[in-house]
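Visitor: Sequence below, structure please.
(chains A and B)
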Amino acid sequence: MRLSPKQSTLLVLAVLMIASPFFFPSNYYYRVGSLVFVNAIAVVGIVILTGYAGQISLGHAGFLGIGGYACALLPAHFGLPPALAVVAGAAISGAIAYVVGRPILKLKGYYLAVATLGFGVLVSMVLANEGWLTGGPDGIKVPDPGIRALLEQVGIELTNPQFWYAFCGLVLFIGAWLALNLRESPTGRALRALHGSEVAARTAGIDIAKAKLNAFVISAVYASVAGSLLALQNRLITPDVAGFMHSIELVTMAVLGGAGSVLGGIFGAALLTLLPQVLTVLQDYEHVVLGLVMMGVMIFLPAGLIPSARRLLRGRGE
Amino acid sequence: MKSIVTGALALALMATAATTTATTPALADIKIGAVVSETGPASSLGDPEAKTIRMMVEELNAKGGIKGEKAKLVLYDDGGDPSKAKTFATRLVEDDGVVAMVGGTTTGTSLAILAVAEESKVPFISLAGAIEIIDPVKPFTFKTPHTDRMACQKIFDDMKSRGLTKIGLISGTDGFGASMRTQCIAVAKTSGIEIVADETYGPKDADMTPQLTNIRNKSGIQAVLNTGFGQGPATITRNYAQLGITLPLYQSHGVASNAFIELSGAKNAEGVRLPGTALLVGELLDPKDPQKNVVLAYKASFEKAAGGAPVSTFGGYAHDAMRILTEALAKAPSAKPAAIRDAIEGTTGLVGTTGTYNYAKTDHLGLDLSAFRMLEISNGGWKLVK
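Guide: Below is the predicted model:
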């Protein structure tokens, strides 16, 4: 039986998620693993926006911030259970993306980059400065969602990092599956068409303004869910989450791994989350090595790691 | 294709495992963990902290270690990011197997680390100011810096002794400034100080004259208090002099350093008052002052180790934390985290650079107001206000 690319991607992902814990000597590895998944969820959103639709956003961390703060503020002020706050945060992010996206997605190239950057900076400034609501730069506590306690009642005992590894992994798997389905759907084809040529896409009858907005809203929801999961597992959220550097990091992860492919994005997220942990032995040279890795990939493998590797293998096989 | 990708990812994961286990040293050492913000926005605090911690572990080992065992330091730089701080704290506890942790340069990173410390029952001494770190008291979390609340009290006490009760407040919107602003507003209510103006500025703003003009124009105002650290307070001090405002100006303990006088200009800073630690005025202290020797010794060894860089209050916090920890390690019956925790809680009469620490079951800060000295800038130097 031959697997479709979608099935093989999901299979690789599932095998890695399940097999990796067998190599984990301590809880610390589960913690790093769950951070890989959280970043990967946000990056899958960027893959949809940048890889499929060819639009850039330098303000996506703003949506992470909205999702994260939703988990802190909605339970505190409206008594919403934290698990539901994730959904509410995603809805709020989607709504904000819709309102903001309508005017700014009319822009192209640099102008779009600057407009989204402005949005991200705005969100992080509001989070830092409106201390009466958000707790200011020191951040705010996030309640426990209580899912772990629930699992304990039915006899599944996990440590905190183990639980978040499993939970974030599950969410990432669903997110990747949805993104892969989207790719082959009419919406996904429309996005890829407008990536190729906006004029041609419009001639073929695609409402490009609507298609771009769809991609922007969907990717905002991914980022928001990632932000919520980060806030819930850290039990604390600070405005840094929404910071400009975090937005850049997310885009770098997507581009490094291969913005056009879901697996590439996940691989990029894994690489850039793991590298700083590995490089602590080099301490002072950490940033130099990170920079060199990025430059090397961009020069020699411009399509990103996974798509380039795939092309290389295919070229050899046929 | 699949197998290659799988292989690559598995390799990456195993490489992480391999490198981290490779750095694990011999088991006989007593391992102390540290997570500080050596780089990033809080590096002006975290850098002297990291230098101090490294220096003190070396000094400790040069003196023969703890009960004959060497101390081994594992220090990570969180870059000021609480999420990274949490990951590194997890790594220290789970992977490196440390018996105690020091660090948490900012309130955010401290809160992230203390969650790990409490969950895994490993003692943690925080270097951040906010009161919520130790209030309510958590069994495994201690801290060495004074709280913002105490700085506000000290300043307000001094104001009242000069008959100043109507003040203008100007605060930075960074973590330090915003947190101290909240505390001062709360303290003012109970200490008979009326805040008649409340202005803010961004930590990177280059000009604060509009805010200061607003404050000056409030009727009946008698003094101005600036909560903030970094460049903002220096800019304010300059603008204050440029506008010719003659009301007494108070700064926070966050700027208690010689760099602040240089940045503001000695002439502009003349007469500015701020609460500081004994560290800054070591030479001016009374010879009978118990802190005098401690402060001068730390100053000398730090300046030697750091290649002439001046001591700062923040390095002093790290010094005190390490002193408390090493004494606890020496006292504890075993190098088990729980025993060390009990020994830390039993710390009494320990003279540090910040003050004299007396921890108790209900007090994991251990300092009182006497730890702060009211300082006044005079002729480009410091003067103790009696």
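Visitor: residue contacts, residue 173?
Guide: Assuming you mean chain A. Listed by Cβ atoms under 8 Å, 6 or more residues apart in numbering or on different chains, the contact set of residue A:173 reads A:10, A:13-14, A:17. For glycine as for every other residue, the C-beta is placed from the backbone atoms N, C-alpha and C.
Visitor: meant chain B, my bad for not saying
Guide: For residue B:173, the contacting residues are A:128-129, A:136-137, B:200-203, by Cβ under 8 Å, 6+ apart.
Visitor: how near is the closest residue to chain A within the stretch 201-350 of chain B to residue B:173?
Guide: For the stretch 201-350 of chain B and chain A, the shortest gap (Cβ to the nearest Cβ) falls at residue B:202, measuring 8.4 Å. Note on residue B:202: its distance to residue B:173, by Cβ to Cβ, to the nearest Å, is 6 Å.
Visitor: How about residue A:64?
Guide: Note on residue A:64: its distance to residue B:173, by Cβ to Cβ, is 21 Å.
Visitor: again, but for residue A:203
Guide: When distance is defined by Cβ to Cβ, residue A:203 is 50 Å away from residue B:173.
Visitor: Residue B:383 too?
Guide: With the distance defined as Cβ to Cβ, residue B:383 ends up 31 Å from residue B:173.
Visitor: what's the answer for residue B:82, then?
Guide: 18 Å.
Visitor: Next: residue A:236.
Guide: Remark: distance between residue A:236 and residue B:173 (Cβ to Cβ) = 19 Å.
Visitor: and what of residue B:141?
Guide: In this structure, residue B:141 and residue B:173 are 27 Å apart, going by Cβ to Cβ.
Visitor: do residue A:276 as well
Guide: Counting by Cβ to Cβ, the gap between residue A:276 and residue B:173 amounts to 28 Å.
Visitor: One more: residue A:160?
Guide: Distance check for residue A:160 against residue B:173: by Cβ to Cβ, it reads 33 Å.
Visitor: give me the low-pLDDT residue ranges for the stretch 151-300 of chain A?
Guide: Residues of the stretch 151-300 of chain A that meet the criterion pLDDT under 70 lie in A:283-284.
Visitor: in it, which spans are helices?
Guide: A:160-184, A:186-196, A:198-203, A:208-234, A:244-257, A:262-278, A:286-300 (DSSP state H, counting those that start in this stretch).
Visitor: In terms of position in space, what residue lies nearest the middle of chain A?
Guide: For chain A, the residue sitting closest to the mean C-alpha position, by Cα atoms, centre = their mean, is residue A:42 at 0.7 Å.
Visitor: Find the nearest non-adjacent residue to residue B:167, please.
Guide: With sequence-adjacent residues excluded and distances taken as Cβ to Cβ, 6 or more residues apart in numbering or on different chains, residue B:167 is closest to residue B:223, at 4.8 Å.
Visitor: pretty sure the one you found is touching residue B:246, no?
Guide: No: between residue B:223 and residue B:246 there is no contact, the gap being 10.7 Å when judged by Cβ atoms under 8 Å.
Visitor: what about the two, which has more around it?
Guide: Here residue B:223 and residue B:246 are set side by side on neighbour count (other Cβ atoms under 10 Å in any protein chain shown), and the busier one is residue B:223, at 20 against 10.
Visitor: List phi and psi for the more buried one.
Guide: Recorded main-chain torsions at residue B:223 are phi -160, psi 160, according to degrees, to the nearest 10.
Visitor: which residues touch stretch B:342-360?
Guide: The contact list for stretch B:342-360 (Cβ under 8 Å, 6+ apart) reads B:100, B:123, B:125, B:142, B:144-146, B:277-279, B:290-291, B:294-295, B:298, B:313, B:316-317, B:319-320, B:323-325, B:327-329, B:331-332, B:361, B:364, B:366-368, B:370-372.
Visitor: What of stretch A:255-270?
Guide: A:9, A:12-13, A:36, A:39-40, A:42-44, A:46-47, A:50-52, A:172, A:176, A:179-180, A:183, A:252-254, A:271-272, A:293-294, A:297-298, A:303-308, A:310, B:5, B:8-9, B:12.
Visitor: Any of the residues you listed buried? List them.
Guide: Restricting the contacts of stretch A:255-270 to buried positions leaves A:9, A:12-13, A:36, A:39-40, A:42-44, A:46-47, A:50-52, A:172, A:176, A:179-180, A:183, A:252-254, A:271-272, A:297, A:303-308, A:310, B:5, B:8-9, with burial counted as 16 or more other Cβ atoms under 10 Å in any protein chain shown.
Visitor: Where does the prediction get shaky in chain B?
Guide: Along chain B, segments meeting pLDDT under 70 span B:1-28.
Visitor: all strands of it, in order?
Guide: According to DSSP state E, chain B carries its strands in the segments B:30-36, B:71-77, B:100-103, B:124-126, B:141-143, B:166-172, B:194-201, B:223-227, B:249-251, B:273-276, B:350-351, B:356-357, B:373-378, B:381-384.
Visitor: Could you dump the ones you listed into TSV and include distance to residue B:134?
Guide: Formatted as TSV, those follow (distance: least, Cβ to Cβ, whole Å):
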stretch	distance to residue B:134
strand B:30-36	18
strand B:71-77	23
strand B:100-103	15
strand B:124-126	8
strand B:141-143	5
strand B:166-172	23
strand B:194-201	26
strand B:223-227	20
strand B:249-251	25
strand B:273-276	19
strand B:350-351	16
strand B:356-357	12
strand B:373-378	22
strand B:381-384	28
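Visitor: Tell me how chain B divides into domains.
Guide: Residue ranges of the domains in chain B are recorded as B:25-147+B:299-370, B:163-281+B:374-384, according to automatic domain parsing.
Visitor: Return the most buried member of those domains.
Guide: Most buried of these, by mean neighbour count (mean count of other Cβ atoms under 10 Å in any protein chain shown): domain B:25-147+B:299-370, with a mean of 21.
Visitor: now that domain, how far from the chain's geometric center?
Guide: Centroid displacement of domain B:25-147+B:299-370 relative to its chain, using Cα atoms, centre = their mean, to the nearest Å, is 11 Å.
Visitor: do stretch B:371-386 as well
Guide: Its chain's C-alpha centre lies 20 Å from the corresponding centre of stretch B:371-386 when counted by Cα atoms, centre = their mean.
Visitor: Using CSV, write out every CA atom in it.
Guide: Output in CSV follows, covering the C-alpha atoms of stretch B:371-386 (Å, rounded to 0.1, in the frame of the first residue of the first chain):
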residue,chain,number,x,y,z
ALA,B,371,18.2,47.4,56.0
PHE,B,372,17.6,50.5,53.8
ARG,B,373,19.8,53.6,54.2
MET,B,374,18.4,56.9,53.0
LEU,B,375,21.1,58.3,50.7
GLU,B,376,21.5,61.8,49.3
ILE,B,377,23.6,62.7,46.3
SER,B,378,26.1,65.4,47.2
ASN,B,379,29.0,66.7,45.1
GLY,B,380,28.8,63.7,42.7
GLY,B,381,29.0,61.2,45.6
TRP,B,382,26.8,59.7,48.3
LYS,B,383,25.9,61.0,51.7
LEU,B,384,24.1,59.2,54.4
VAL,B,385,20.9,60.9,55.6
LYS,B,386,20.7,60.6,59.4
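Visitor: Pull up the residues of the stretch 51-200 of chain A that are close to chain B.
Guide: Counting by Cβ under 8 Å from any Cβ of the partner chain, the stretch 51-200 of chain A comes close to chain B at A:128-129, A:131, A:136-139, A:141, A:160-161.
Visitor: just those residues now: which is nearest residue B:40?
Guide: Sorting those by how near they are to residue B:40, with Cβ to Cβ, puts residue A:137 at the top with 12.9 Å.
Visitor: May I have the secondary structure class of that closest one?
Guide: Three-state assignment for residue A:137 (DSSP: H, G, I helix; E, B strand; the rest coil): helix.
Visitor: Before I go, just wanted to say thanks for your time.
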